[in-house]
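J.: all I have is the shape, not the residue letters:
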């Protein structure tokens, strides 16, 4: 049946003509009843329907029960299945229509469409795209500018020569502005262009992205170029060449600036000045973990079977304002070092609180000072023997997992795993893991803090001494480490003490290493070797240099805690009230305490930091007390003393003793961190 004025025909062959109403009504089976446009410009547009009503005077065809209309590679679902066709086949625009794209895979679904079907291959209008997030939530996006894009498709014919046939697919675009607050992934906001290509399951993004974090004056994230076709799991690639919307280099890490405060963090933001020293920088894929409520940067893996390396691992707790770093650290400026040579290596973990600007480091420091190896070997032998005499059996780094993380950051996962496997069979010194650790002085466990007033890193608690050169020490000793940041070059001072009267002090300044010991034989050897200009030498210094360092270190970083005082009641007793009799000095019977008293005692529970303070204070006391004593013992006297000890009856004076690795003790109780915001 044809309707020439409406430029349509239908496969329904039965109709009811109402002469009075001037209408023609038709009913059919939606599965077999079709309606086809006859106008050439509509390119044979065809769709199914179950009923129709043609209004003769208006020359309008009203079609009902239409499930969908195929236009290009899209299915347009009319609201309530109604389609109105006017004169010359002009289809009335749809309101509140739904769309499914493409017709083969049905990857994309849109709703609330204002759609005008022009022909079999073209439609116009806009609709709301339901963007699905990783949490299976949907975000409405207004899509428009529907168009066809030509896609080259190789011919599947085996006989015909290889050629390309023209295939067209629907493309729609949307523009997201900042005010839309469009969240492309957990805690990741997006602005810019968004393109939907019908046969592709994922949208194409070409704009900018930034993490959604609390407003803080010292930590402001930037808008970063984002040109990706991501899956639901959206991740931001953090690379060394990353730049922001203003084309400025940005990073995620910890940096040092000369002047006030010194340390500061960046989180997808530029450094304050280009010359600021980078202490740590994270690279990898940035995601927000909704379960732990943490931003995480994890290095990309090259294959599906590859394990994620802990190097440069990074987590940021935006709620608490805390940041954790794990990886290689650049604590000491490389100024003055030879080109291409890493004289001082550092790795470990950092705990940062942005709001309280506090920093906690646990580090491994490998310092390959250009020192005479004979001097280092002589000092190492003396420390090993003293440790045996003093029974210093606590290992340098009791946490083997933490040690593995530090090693990974410096020598890689493969070398670290190999070392761990060999150590499991039999103890191996740290320098067996890599030649990088066959250095002048290697400290495998040093807890550092940052002092803004002194512009320096300083140690707290004991120090884990791994080795001196190729002599294994593996002992936790009393000591102090200070790394001072200066415009003319960083300086390092290290004091280690294996016994009350056996200590070593190293001082690195302006490319020169100075050293002094309580062992006079070592001091004499340093003096002799310092005269040889051909060798890398160690400069001799006086004992007072050690004394000044210890004294200054204690006053700056370890002031003695004040003892609690009693708040006494100064009220005089009332007249006629007998005064309480205090017991005499020699009386054994204690006075009975009254039920109520106005005298209150201030009680303070010492934290582990305060205990460390007391320990370091004892070290300082020992250093002071040994001033008047024989501070310059000869090795002969020391050997005579140690030979008389029953703990090592077989030891011979001056003999090199191999250290037996000690058993790893139980983990110590963690420090109280509430006062620093951790």
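T.: Done, it's in. This one's a predicted model, so the numbers in the text were calculated from it and none came from an experiment. Numbers count the residues shown, from 1 in each chain.
J.: any idea which residue is closest to the centre of this protein?
T.: Nearest to the mean C-alpha position of the chain, counting by CA atoms, centre = their mean, stands residue 314 at 1.2 Å.
J.: three-state assignment of that one?
T.: Put simply, residue 314 is strand when judged by DSSP: H, G, I helix; E, B strand; the rest coil.
J.: against residue 477, how distant is it?
T.: Residue 314 sits 32 Å away from residue 477, taking CB to CB, to the nearest Å as the criterion. To be clear about C-beta, it is placed using only N, CA and C from the backbone, and glycine gets the same treatment.
J.: residues contacting the residue nearest to the centre of the chain?
T.: 252, 282, 284, 296-297, 323-326 (CB atoms under 8 Å, 6 or more residues apart in numbering).
J.: kindly state the beta-bridge partners for it.
T.: Under the criterion DSSP bridges, residue 314 forms beta bridges with residue 297, residue 325.
J.: where in the stretch 151-300 of the chain is pLDDT low?
T.: 152-166 (pLDDT under 70).
J.: hmm, try it at 50
T.: 154-163 (pLDDT under 50).
J.: ok, now the chain?
T.: The chain contains residues with pLDDT under 50 at 154-163, 303-307, 310, 336-337, 569-611, 624, 626-672.
J.: residue 537: which element?
T.: Per DSSP states H and E, residue 537 falls between elements, in no helix or strand.
J.: relative to residue 505, how far out is it?
T.: On the measure of CB to CB, residue 537 and residue 505 end up 17 Å apart.
J.: so how far is residue 504 from residue 485?
T.: 24 Å.
J.: same question for residue 87.
T.: Distance from residue 87 to residue 504, by CB to CB: 102 Å.
J.: got it, and residue 219?
T.: 41 Å.
J.: of the two, who's got more company?
T.: More crowded of residue 219 and residue 504, by other CB atoms under 10 Å: residue 504, with 25 against 20.
J.: how deep is residue 381 tucked in, by neighbour count?
T.: 18.
J.: state the three-state secondary structure for it.
T.: Following three-state DSSP, the label given to residue 381 is helix.
J.: can you pull up the bridge partners for the closest residue to residue 264 other than its chain neighbours?
T.: The shortest distance from residue 264 to any non-neighbouring residue, by CB to CB, 6 or more residues apart in numbering, is to residue 255 (5.8 Å). Beta-bridge partners for residue 255, by DSSP bridges, are residue 264, residue 278.
J.: so what touches the longest strand seen in the chain?
T.: Scanning the chain for the strand with the most residues, using DSSP state E, yields strand 138-154. Here strand 138-154 makes contact (CB under 8 Å, 6+ apart) with 72, 110, 121-133, 162, 164-174, 176, 182-183, 194, 196-197, 199.
J.: can you say which of those are buried?
T.: For the contacts of strand 138-154, a burial check counting by 16 or more other CB atoms under 10 Å picks out 72, 110, 121-123, 125-129, 131, 133, 169-172, 174, 176, 182-183, 194, 196-197, 199.
J.: quick one: the strands in the stretch 151-300 of the chain, in order.
T.: With DSSP state E, counting those that start in this stretch, the ranges of strands along the stretch 151-300 of the chain come out as 164-176, 182-185, 188-197, 204-211, 224-228, 236-238, 251-256, 263-269, 277-281, 284-289, 294-298.
J.: export the ones you listed to TSV and tack on distance to residue 532?
T.: Output for the strands of the stretch 151-300 of the chain, formatted as TSV (distance: least, CB to CB, whole Å):
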stretch	distance to residue 532
strand 164-176	71
strand 182-185	63
strand 188-197	62
strand 204-211	58
strand 224-228	56
strand 236-238	50
strand 251-256	37
strand 263-269	41
strand 277-281	35
strand 284-289	49
strand 294-298	49
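J.: among those strands, which is nearest residue 544?
T.: strand 251-256 (31.1 Å; CB to CB).
J.: tell me what the closest one is packed against?
T.: Applying 3 or more CB pairs under 8 Å, 6 or more residues apart in numbering; DSSP states H and E, one finds that strand 251-256 contacts strand 263-269, strand 277-281, strand 322-329.
J.: what sits up against that strand?
T.: By CB under 8 Å, 6+ apart, strand 251-256 touches 238, 240, 242, 262-272, 276-282, 286, 297, 314, 323, 325, 350, 352, 359, 485.
J.: burial measure for residue 24, as a count.
T.: 17.
J.: quick check: it vs residue 10, distance?
T.: 10 Å.
J.: residue 219 too?
T.: 67 Å.
J.: what's the closest residue in space to residue 227 that isn't next to it in sequence in contact with, if anything?
T.: Leaving aside its sequence neighbours, residue 227 sits nearest to residue 206 (CB to CB, 6+ apart; 5.1 Å). For residue 206, the contacting residues are 192-195, 226-227, by CB under 8 Å, 6+ apart.
J.: ranking by neighbours, what's the top pick from these?
T.: For the contacts of residue 206, neighbours tallied by other CB under 10 Å; top is residue 194, 22 neighbours.
J.: and it, what are its bridge partners?
T.: residue 174, residue 205.
J.: pretty sure it contacts residue 173?
T.: Yes - using CB atoms under 8 Å as the test, residue 194 is close enough to residue 173 to be in contact (6.9 Å).
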